[in-house]
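Asks: no FASTA, just this:
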């Protein structure tokens, strides 16, 4: 299921057309305050590309050019958008983005390891500079296998707007232990453990605290909210239906995309329902219907 969440752009210094060393790449990852007061986030992307994102949700991919500059393509397309991006050396923390200069924003960052049951999870609290109270958002994973600590732009875009963020690698991803799972009950327990750790680390700076999640996180967040009290819950993308209902809609959509007839679609939905029954019962029932 696609994830509707604020994405990130990542920028990196490249010499000639040769990918830059990892340490140089990492030194440019961050959120930058532009001259007009706006914020652009730079984050890792596929291969030697980077991804930028604005708080509005606008995004593009950066492609290395010669001389340490980057060209940008619109969204997830290969269409040039006319933007040229470059970076200062790592010590200066400056960006030139679409005709504007910007400076990397400093945050208060605390890396941490915490327990959820018998599994150790790795997380990071990112707060805006200062000593005042701020709301804190615990970022709950979608179904992706990648490290949220490496790829989630909201861990910087929120603090750039004065909102704290706690990001963690879900079990079986990134640096966290355990096996990857889509067991929502287990993932909800992990989210509660993350919220508890975020509250502990932020201490007196916590104003309000709650969750944000999309896609798979849209199912996990309500489960977590009902296990431990929080002040808010944000579902950026999720369905107000059950998982089998979502699966039925997905099968019907796939059949439509493949130009199948109504009769064929009905057969596909019947097969899907039989398989869903097997899964719903934990493999205890439904095999006769599925075999048929």
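Replies: Structure's in. What do you need? Since the structure is predicted, the reported quantities are computational estimates derived from the model, not experimental observations.
Asks: Just want the most central residue of this protein.
Replies: Nearest to the centroid of the C-alpha atoms of the chain, with distances taken as Cα atoms, centre = their mean, sits residue 152, at 4.2 Å.
Asks: Mind pulling up the pLDDT for that residue?
Replies: pLDDT, residue 152: 94.
Asks: Check the one 4 residues further on too.
Replies: What the model reports as pLDDT for residue 156 is 97.
Asks: ok, it - how many residues close by?
Replies: Neighbourhood size, residue 156 [other Cβ atoms under 10 Å]: 26. Quick note: C-beta positions are derived from backbone N, CA and C, even for glycine.
Asks: Against residue 142, how distant is it?
Replies: Residue 156 sits at a distance of 18 Å from residue 142 (criterion: Cβ to Cβ, to the nearest Å).
Asks: for residue 26, same thing?
Replies: From residue 26 across to residue 142, the span is 24 Å (Cβ to Cβ).
Asks: These two: which is more packed in?
Replies: Shown here are residue 26 and residue 142; by other Cβ under 10 Å, residue 142 has more neighbours (22 against 15).
Asks: Once you drop chain neighbours, what's closest to the more buried one?
Replies: Leaving aside its sequence neighbours, residue 142 sits nearest to residue 215 (Cβ to Cβ, 6 or more residues apart in numbering; 3.7 Å).
Asks: Look up phi and psi at the one you found.
Replies: Backbone torsions of residue 215, given as degrees, to the nearest 10, read phi 60, psi -120.
Asks: Compute the number of surrounding residues for it.
Replies: A count of nearby residues for residue 215, using other Cβ under 10 Å, gives 22.
Asks: ok, back up a step: which residues sit in contact with the nearest residue to the residue nearest to the centre of the chain once chain neighbours are set aside?
Replies: Distances taken as Cβ to Cβ, 6+ apart put residue 167 closest to residue 152, at 5.2 Å, once the chain neighbours are dropped. By Cβ atoms under 8 Å, 6 or more residues apart in numbering, the residues touching residue 167 are 123, 124, 126, 139, 148, 149, 152, 154, 155.
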